[in-house]
Each structure stands twice: as C-alpha cells, then as structure tokens.
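K.L.:
this is the structure alone, sequence omitted:
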C-alpha cells in the first residue's frame, strides 16, 4: 500500500465505495424481498381460493357440473403465483409435492430462491356439488414468478451499478490524474532547486491550492536566485577586500620596513669596515637600535591588523583600550576619548571581533579622511524593544571632521565593516552629524533570533 501512488490510492478508495454501495443495494433488496414474496403469495392464494369457492357455488345450479369443473381447473392453471391440483381425498392432498420451488425458478440460482422462499402454505377446498364429492381442490402458493422478478431486478441493479461505477471510475481516474498533475510539476521544480538550478517557473494550473503552491515555489526560486547572486557578490567583494588588505600590508612592508632594513645593513657594513672608533660604533649601534624599534613597531601594527592583541586573553574592553592607546601615541594631534563598560561577559567571540574591527576601521577612516581633531568611542549595552533579543551591544564612533561624503559608502572599508556586522545579525548605520562630523553606530543582538534590518544609511 505504501508503494501505491496517490492516484491509485484515490482510485482504490473510489472502487471500494462503489462496491460498498452495491452491497448496500443488495442488502436493501434482500430486506424487502422476503415480505414482498410472502405478501404476494398470500394474496394470490386467497384470490385463487375465492375464485374456486365462487365457481363451485355457481356449479350448484348446473345439471352436469363435471365438464365445467374440468374447464375451471384448466383455466385456474394459468394463475402466475399459485398451483392448483385435484386430489382424490384429503390424505392424497397432503402428499402432493408443494414443499419447495427452488428448482422451478428459471434463471435464479437456488441459493437466491432459498433466501426469499416463504413457508409452504396449502389450502384444500372440497369439490362437493349436488352432494357428490368430485375430489379435493388443492391450492398452494407458487412464488417462483415473484422470486424470478426479484432476481431480474437484482441483476438489473447490479449491471446498472457496475456500468455506472466503471464510467464514474474512468471519469474520476481522468479528473484525479489532471487534478494531481501539478504535484509532479512541484516535484520536478524542487529537484531542480536542490541541484542549484533556480531558473524554475511552474505554470499555474489545477486547483487553487496547487496554484498557490506553484506561486510559492516560483517565489522561492526567485528568492534563491537573489541569495545566490548575493553570495556571489559577497564572495567577489570578500576577495577584493582580501586583495586590498594584502596590497596594503605589502605596501607597508615595502615602504616602512624596507628603509630601516637598508639602514641596518648600511650600519652593519660600516662597522665591519676597518677598525672604527668607539664614537662611530656607538653611533652605528644606536642607529641600528632605532631602526630595529621602528621595525618592531611596524610588526606590532601589522599584527594588530591581522589579530587584535589581548582580545582572547584580556577581552574586548582591554583590547579597545590598547587600540585607542596606540592611536593616541601614533597620532597625538587627534584627541580620542573611550568609554567602554567592563562587564562584557554576554558578548561572544564573533561579536567581540566584529565590534573591535568596527572601532579599528572607523579610527582608520577618521585619520585618513576626516581631518578631525576629536573622536569619541563608546561601547555599552542597549535594550532592544520589540525584539526577541533582550539586549544588544552598541558601538559608537564619532568625530568632528568634515563629515561623510555621498560616495563614501562605496568604499571597501565601509563595505567590509557592514558585511562583518551583517554576518553577526546586526545593523550598521553610518551618517553625517548635523554641522560637522560623522557618526558610526553598530548594534549587535546578543541572541541569534534578531530581526534587525541590515544596511548602511
């Protein structure tokens, strides 16, 4: 049964209902046939007895009643539902073969006749005319005709029901096939979607439910195509960001590490030539130390870009303090204030890194583009009203510079920042402040069930 298709299951159910209706019709006929046969037999037997008694009464005035009596008996043999015979006496009348008529019903099987055959009933009317006994007229019910009629009705109903059932079965087979044909379309569409083929278009047809399912499958295909295109775009964007980052690191290594290394080599070469005096040695050693410190500073900055120092060991708050401290030391002309809560136990590792990168990229943009004198960094918790997340982490970076331009959102820095916030289920908002300056705000829900709208303003 499990291997049968929906079409054949419906057809089998329909066939079972038709067969059940046929059995119900046969049961109703059987229920009514017994009383019908009995009533018909009793009525015919009563009518025959009255006819015989009336005829015998009329023969009382006949001088020679025997010929008319024979004609009467011959005519009474034509009655359909009774049998009339003449017995010499009452003892012979009881031995006449009236017990069963099952073998006398033409066309009807014996088992069917036995279902409706009434109990044998015999009526004896003495044929006494002018005081002379001409024998006993025996009247017995003969229901063979009525039973044959009932059998004919049963066969007719069965044939009609069977013909109607076959026609209805074929009709419903066709209708069900057409009705569930959209299921095959849906199956093929889902198979194509599973293979990654989003160029799926189901032609709406069939019942409204299937039309609605087809429309939703088409919408799902469109959404999957958009998601696939977005994934390709993000992958391409990520590769661009990686290339940009690698290029920046390569430029830093070439521009900032190359000259100190050249100076170190020059000083080492100067020390190795001849026998320089103590003053020259001290001067060259001091120069080598300064260049080595410059290289170390560059390496710390590069490592800081690749992985924030202290984030795993000390947490987000201390890592941000270290980051702001390095910016203050490298750019004393920019006044940077930091306000961060120390209770960041609810923040996961992914959100910590994303928040750190937002602050890092924002400070980089301020130094490169804003020409600002002051910057403010704040990190705190924010209650989310109407959201499934109970709290969120909010990161704000503001400056008093020239403000963000109309084309700034197309930069790789802001794009990467937005994608990093988006990957955590958060929202990034970058906007110019009234008057001067730029405000960068990132909100990270601290549960994965947030429905924040993503985007860059």
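P.N.:
Cool, got the structure. Predicted model, so just to flag it, every value in this text is computed and none were measured.
K.L.:
starting at the chain centroid, how far to whichever strand or helix holds residue 24?
P.N.:
Taking DSSP states H and E as the criterion, residue 24 maps to helix 6-59. The gap between the average C-alpha position of helix 6-59 and the chain average comes to 53 Å, counting by C-alpha atoms, centre = their mean, to the nearest Å.
K.L.:
mean confidence for it?
P.N.:
Mean pLDDT, helix 6-59: 76.
K.L.:
same question for stretch 268-284.
P.N.:
When pLDDT is averaged over stretch 268-284, the result is 72.
K.L.:
now what about that stretch, what contacts it?
P.N.:
Outside stretch 268-284, the residues that touch it by C-beta atoms under 8 Å, 6 or more residues apart in numbering are 267, 285, 288. In short, each C-beta sits where N, CA and C put it, glycine included.
K.L.:
and with 6 Å instead?
P.N.:
By C-beta atoms under 6 Å, 6 or more residues apart in numbering, the list of residues contacting stretch 268-284 from outside reads residue 267.
K.L.:
per-residue pLDDT, the residue in the chain sticking out farthest from the centre?
P.N.:
The C-alpha centroid of the chain is most remote from residue 63, which lies 99.2 Å away (C-alpha atoms, centre = their mean). The pLDDT attached to residue 63 in the predicted structure is 78.
K.L.:
quick check: it is in a strand.
P.N.:
No: assessed by DSSP: H, G, I helix; E, B strand; the rest coil, residue 63 does not belong to a strand; its assignment is coil.
K.L.:
ok, now how distant is it from residue 53?
P.N.:
Applying C-beta to C-beta, to the nearest Å, the value for residue 63 to residue 53 is 21 Å.
K.L.:
ditto for residue 225
P.N.:
Noted for residue 225: a distance of 99 Å to residue 53, by C-beta to C-beta.
K.L.:
looking at those two, which one has more neighbours?
P.N.:
residue 225 (15 against 12; other C-beta atoms under 10 Å).
K.L.:
list phi and psi for the more buried one.
P.N.:
Backbone torsions for residue 225, taken as degrees, to the nearest 10, come to phi -60, psi -40.
K.L.:
SS state for the closest residue in space to it that isn't next to it in sequence?
P.N.:
Across the structure, with C-beta to C-beta, 6 or more residues apart in numbering as the measure, the residue nearest residue 225 apart from its sequence neighbours is residue 198 (3.9 Å). Secondary structure, three-state DSSP: residue 198 is coil.
K.L.:
contact partners for residue 198?
P.N.:
Contacts of residue 198 (C-beta under 6 Å, 6+ apart): 221, 224-225.
K.L.:
residue 221 versus the residue farthest from the centre of the chain, what's the distance?
P.N.:
Computed with C-beta to C-beta, the distance linking residue 63 and residue 221 is 109 Å.
K.L.:
helices or strands up against the host helix or strand of residue 223?
P.N.:
Counting by DSSP H and E, the secondary-structure element that holds residue 223 is helix 208-252. In terms of contact count using 3 or more C-beta pairs under 6 Å, 6 or more residues apart in numbering; DSSP states H and E, helix 208-252 is assigned the packing partners helix 181-194, helix 412-423.
K.L.:
tell me the most buried of these?
P.N.:
When you average the neighbours per residue for each of the helices and strands packed on helix 208-252 (mean count of other C-beta atoms under 10 Å), helix 412-423 leads with a mean of 18.
K.L.:
which outside residues touch that helix?
P.N.:
If you take C-beta under 6 Å, 6+ apart as the criterion, helix 412-423 is touched by 241, 244, 354, 357-358, 361, 365, 428, 442, 454, 456.
K.L.:
does residue 332 count as helix, strand or coil?
P.N.:
Applying three-state DSSP to residue 332 yields a three-state assignment of coil.
K.L.:
partner strands of whatever helix or strand residue 83 lives in, with direction?
P.N.:
Per DSSP H and E, residue 83 falls inside strand 82-87. Sheet pairing for strand 82-87, assigned by DSSP bridges, gives strand 132-141 (antiparallel).
K.L.:
now do the strand it pairs with and helix 6-59, the angle between them.
P.N.:
Direction vectors for strand 132-141 and helix 6-59, defined by axes from the mean of the first three to the mean of the last three C-alpha atoms, to 10 degrees, enclose an angle of 170 degrees.
K.L.:
pull out the buried residues from strand 132-141.
P.N.:
For strand 132-141, burial by neighbour count (16 or more other C-beta atoms under 10 Å) applies to 134-141.
K.L.:
and stretch 241-258, by the same measure?
P.N.:
Neighbour counts over stretch 241-258 (16+ other C-beta under 10 Å) mark 241, 257 as buried.
K.L.:
quick one: average confidence on that stretch?
P.N.:
Mean per-residue pLDDT for stretch 241-258: 73.
K.L.:
can you offset everything so residue one is 18?
P.N.:
That works, and once the first residue is 18, the last one we named lands at stretch 258-275.
K.L.:
chain center to it: distance?
P.N.:
Averaged over its C-alpha atoms, stretch 258-275 has a centre that lies 52 Å from its chain's centre (C-alpha atoms, centre = their mean).
K.L.:
same check on stretch 263-277?
P.N.:
Between the mean C-alpha location of stretch 263-277 and the chain-wide mean there is a distance of 56 Å, by C-alpha atoms, centre = their mean.
K.L.:
gap between the two ends of it?
P.N.:
Taking C-alpha to C-alpha, to the nearest Å as the measure, stretch 263-277 stretches 21 Å from start to finish.
K.L.:
what residues does it touch?
P.N.:
Counting contacts by C-beta under 6 Å, 6+ apart, the residues outside stretch 263-277 that touch it are 308, 311-312, 315.
K.L.:
among those residues, who's most crowded?
P.N.:
Neighbour tally across the contacts of stretch 263-277 (other C-beta under 10 Å): the maximum, 20 neighbours, falls on residue 308.
K.L.:
so that one is in which element?
P.N.:
The secondary structure element spanning residue 308 is helix 295-323 (assigned by DSSP H and E).
K.L.:
after that helix comes which helix or strand?
P.N.:
Where DSSP H and E defines the elements, the next helix or strand beyond helix 295-323 is helix 328-331.
K.L.:
hmm, who's touching that following helix?
P.N.:
With C-beta under 6 Å, 6+ apart as the test, helix 328-331 has contacts from residue 336.
K.L.:
starting at the chain centroid, how far to that helix?
P.N.:
The gap between where helix 328-331 is centred and where its chain is centred comes out at 46 Å by C-alpha atoms, centre = their mean.
K.L.:
got the buried residues for that helix?
P.N.:
Of all the residues in helix 328-331, those buried under the rule 16+ other C-beta under 10 Å are residue 328.
K.L.:
with stretch 54-71 instead?
P.N.:
Within stretch 54-71, the residues scored as buried using 16+ other C-beta under 10 Å are 54-55, 57-58, 61-62, 65-66, 68-69.
K.L.:
including distance to residue 224, could those residues go into a markdown table?
P.N.:
Shown next, in a markdown table, are the buried residues of stretch 54-71 (distance: C-beta to C-beta, whole Å):
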| residue | distance to residue 224 |
| --- | --- |
| 54 | 50 |
| 55 | 53 |
| 57 | 52 |
| 58 | 56 |
| 61 | 58 |
| 62 | 61 |
| 65 | 64 |
| 66 | 67 |
| 68 | 67 |
| 69 | 71 |
